[in-house]
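K.L.:
Show me how the following folds:
(one chain, ligands or ions: 1)
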Amino acid sequence: MTALVGLDVGTTGVKALVVSPDGKVLARAERGYGLSSPRPGWSEQDPEDWWRATQDALGALDVPEIAGIGLSGQMHGLVVLDAEDRVLRPAILWNDQRTAAECAEIEDRVGLERLLALTGNRALTGFTAPKLLWIARHEPEVYGRIAHVMLPKDYVRFRLTGERATDMADASGTLLLDVPHRRWSEEVLAALDLPAEWLPRLLESPEVSGQTQDEVPVAAGAGDQAAGALGVGVDRPGPVSVVLGTSGVVFAALPRFQADEQGRVHAFCHAVPGGWHAMGVMLSAAGSLRWLADVAAPGEDYGALIAEAERWEPGVEGLTFLPYLSGERTPHADPNARGAFVGLSQRHDRGALARSVLEGVAFGLRDSLELLAAIGVRAEVGRVSGGGSRSSLWLRIVASALGLPLQKTAVEEGAAYGAALLGGVAAGSFADVHEAVAVCVKTVDTIEPEPEWVEVYASGYERFRALYPALRGLEG
Ligand code: XUL
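P.N.:
Here you go, the predicted model:
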């Protein structure tokens, strides 16, 4: 039997899935790697670690004959290679916050209105282009040797196939793509003095980008959010994708290209040829829970912490958590934003902190949903994925804070699964992305908002919204 392989080059590790042509997961393997933060706000990884982990994960799978491979991965990361294809420095990741000055410079050089018209987006610290300007200013000897620029999963593609290529969805997060016209923006490149030759070839997500040594076709694939949306069946306007990964995302497929006038949500190409989407991205969602578990329950099971959280009533007796542990992107494009617990009392224990983290992340997702509503997205149901969606308590909290029923799908690995579907289209197993989604994605369970919680969270959300402006400037 032939099978499809989906690879997701994530922030904490690589996930590889083997999927049958009718959508069943036959095998999975994961390999982790570290992240280094050499200075506050910095976030880096060694591209060699991604490649090693990919080889290990693929090697661990008992794969029948592979018909096609699809790639997805963490978005926005900057990988720079020299003319001999050597990696010049560690990759600077999506959650790195060092480029505030370069973002201001880009908005100045291109003009904010023009930048929004061309790319659909503001210059945000995690995006790729400002990182190039940062290297030019701070590491001129590295900058002088750059010959190729890549995104994380595209580096893995390069090692797998020898091809330099990317897809429209991931390229949208570079700030160098003309998103409405689906081509590199000559105007932005010229304004930033960046050579177009550095950039990879652009493809639509299901197109074949190259072949492995064994002549298996590798689809262009997609950034993890667009691939993840396909993995939960968000290929067209309808349900929104709600992701509780390291980052937290609310994602809507759009009927046409549409950007927010102030660029408060990202307007990107979707992994469906000729399709677009908008999304709000919070930087620490399950990342906030991981942080709390590391400091308050090291070595313990997440389940224990969540069981303690469940003992608390919604609203946690007035305790509110702000999830801005890595700065924030949506709705506050503010690298200096910081996390907070506000309203602590003697009665609050570890479970209270945990429940408050789950609720604070849910309120952050609500911020993104409200901004999507402002550009006309009328969501009636969400589809969930990401590690955090394994917690039914968290899903009840998120459903109640968003006022949206949340559907789970039979396969939980959104991005790796979406990548496998794209690999299937590239291999000819499906006519197109819509057919792949229709054949493979099945919903299995719906989590409804809890009426009493909805009420508590309406006022909790008001308190949450008031806290960021009240605390801004006091970060220290
Ligand atoms: C999306 C984003 C994150 C990363 C996480 O814009 O920055 O979701 O892709 O992997």
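
K.L.:
make it CA atoms for all contacts and neighbour counts henceforth
P.N.:
OK.

K.L.:
For whichever residue of the stretch 1-150 of the chain sits closest to the ligand, which residues are in contact?
P.N.:
In the stretch 1-150 of the chain, the residue that lies nearest the ligand is residue 74 (3.5 Å; Cα to the nearest ligand atom). Residue 74 makes contact with 8, 9, 10, 11, 94, 152, 153, 223, 224, according to Cα atoms under 8 Å, 6 or more residues apart in numbering.

K.L.:
what sits against the spatially closest residue to residue 196 that is not a sequence neighbour?
P.N.:
Once its chain neighbours are removed from consideration, residue 196 has its nearest residue in residue 189; the separation is 6.8 Å (Cα to Cα, 6 or more residues apart in numbering). Residue 189 makes contacts with 176, 195, 196, as judged by Cα under 8 Å, 6+ apart.

K.L.:
And those residues, which is closest to the ligand?
P.N.:
Closest approach to the ligand among the contacts of residue 189 (Cα to the nearest ligand atom): residue 176, at 14.4 Å.

K.L.:
Contact residues of the chain facing the ligand?
P.N.:
If contacts are counted using Cα under 6 Å from any ligand atom, the residues of the chain sitting beside the ligand are 10, 11, 74, 75, 94, 224, 225, 247, 281.

K.L.:
Kindly indicate which of the residues you listed lies nearest residue 4.
P.N.:
Nearest to residue 4 among those is residue 224, at 17.4 Å by Cα to Cα.

K.L.:
Hmm, residue 18 is touching residue 2, no?
P.N.:
No - using Cα atoms under 8 Å, residue 18 is not in contact with residue 2; the gap is 9.9 Å.

K.L.:
Which one of these two is surrounded by more residues?
P.N.:
More neighbours sit around residue 18 than around the other of residue 18 and residue 2, counting by other Cα atoms under 10 Å; the figures are 28 against 14.

K.L.:
one step back: what's the residue of the stretch 1-150 of the chain closest to the ligand sitting at in phi/psi?
P.N.:
phi -50, psi 140 (degrees, to the nearest 10).

K.L.:
returning to what we had before: so which of the contacts of residue 74 would you say is closest to residue 332?
P.N.:
Using Cα to Cα, residue 94 comes nearest to residue 332 of these, at 15.8 Å.

K.L.:
center of this structure - which residue?
P.N.:
In the chain, the C-alpha closest to the average C-alpha coordinate belongs to residue 225, at a distance of 4.6 Å (Cα atoms, centre = their mean).

K.L.:
coming back round to it: which of the residues of the chain next to the ligand fall within helices?
P.N.:
Among these, the ones falling in helices (DSSP state H) are 224, 225.

K.L.:
ok, and the closest non-adjacent residue to residue 73?
P.N.:
residue 9 (4.2 Å).

K.L.:
quick one: the one you found and residue 51 touch, right?
P.N.:
No - using Cα under 8 Å, residue 9 and residue 51 do not qualify as a contacting pair, with a distance of 9.1 Å.

K.L.:
And the two? Which one has more around it.
P.N.:
For the pair residue 9 and residue 51, the greater number of neighbours falls to residue 9 (31 against 21), based on other Cα under 10 Å.

K.L.:
hey, what's the more buried one bridged with?
P.N.:
Note on residue 9: beta-bridge partners by DSSP bridges are residue 14, residue 73.

K.L.:
Report pLDDT for it.
P.N.:
The per-residue pLDDT reported for residue 9 equals 98.

K.L.:
got the buried residues for the helix ranked longest in the chain?
P.N.:
Longest among the helix segments of the chain by residue count, using DSSP H, is helix 350-374. Counting neighbours by 16 or more other Cα atoms under 10 Å, one finds that the buried residues in helix 350-374 are 350-372.

K.L.:
ok, back up a step: and the pLDDT for the residue of the stretch 1-150 of the chain closest to the ligand?
P.N.:
Here the pLDDT value assigned to residue 74 is 98.

K.L.:
same deal with residue 438?
P.N.:
In the predicted model, residue 438 carries a pLDDT score of 98.

K.L.:
Whatever residue of the stretch 301-450 of the chain ends up closest to the ligand: neighbouring residues, count only.
P.N.:
Using Cα to the nearest ligand atom, residue 329 is the residue of the stretch 301-450 of the chain that sits closest to the ligand, at 8.8 Å. The number of residues packed near residue 329 is 24, by other Cα under 10 Å.

K.L.:
I figured it hits residue 279, correct?
P.N.:
No - Residue 329 is not in contact with residue 279 according to Cα under 8 Å; the separation is 11.1 Å.

K.L.:
Can you give the distance from stretch 145-164 to the centre of its chain?
P.N.:
19 Å (Cα atoms, centre = their mean, to the nearest Å).

K.L.:
List the buried residues in that stretch.
P.N.:
146-158, 160-161, 163-164.

K.L.:
Over to stretch 296-303?
P.N.:
Along stretch 296-303, the positions that meet the burial threshold by neighbour count (16+ other Cα under 10 Å) are residue 302.

K.L.:
what's across from the residue in the stretch 251-400 of the chain that the ligand sits nearest to in the sheet?
P.N.:
Ranking the residues of the stretch 251-400 of the chain by distance to the ligand (Cα to the nearest ligand atom) places residue 281 first, at 5.9 Å. Beta-bridge pairing of residue 281, defined through DSSP bridges, involves residue 249.

K.L.:
Quick check: it touching residue 244?
P.N.:
No - in terms of Cα under 8 Å, residue 281 does not count as a neighbour of residue 244; the distance is 10.5 Å.

K.L.:
residues contacting residue 387?
P.N.:
Contacts for residue 387 (Cα under 8 Å, 6+ apart) come out as 244, 245, 286.

K.L.:
what do you get if the cut-off is 6 Å, keeping everything else the same?
P.N.:
With Cα atoms under 6 Å, 6 or more residues apart in numbering as the criterion, the residues that contact residue 387 are residue 245.

K.L.:
and residue 204, how many neighbours?
P.N.:
The burial count assigned to residue 204 is 23, neighbours taken as other Cα under 10 Å.

K.L.:
can you pull the pLDDT of it?
P.N.:
According to the predicted model, the pLDDT of residue 204 comes to 98.

K.L.:
Against the ligand, how distant is it?
P.N.:
Distance, residue 204 to the ligand, by Cα to the nearest ligand atom, to the nearest Å: 18 Å.
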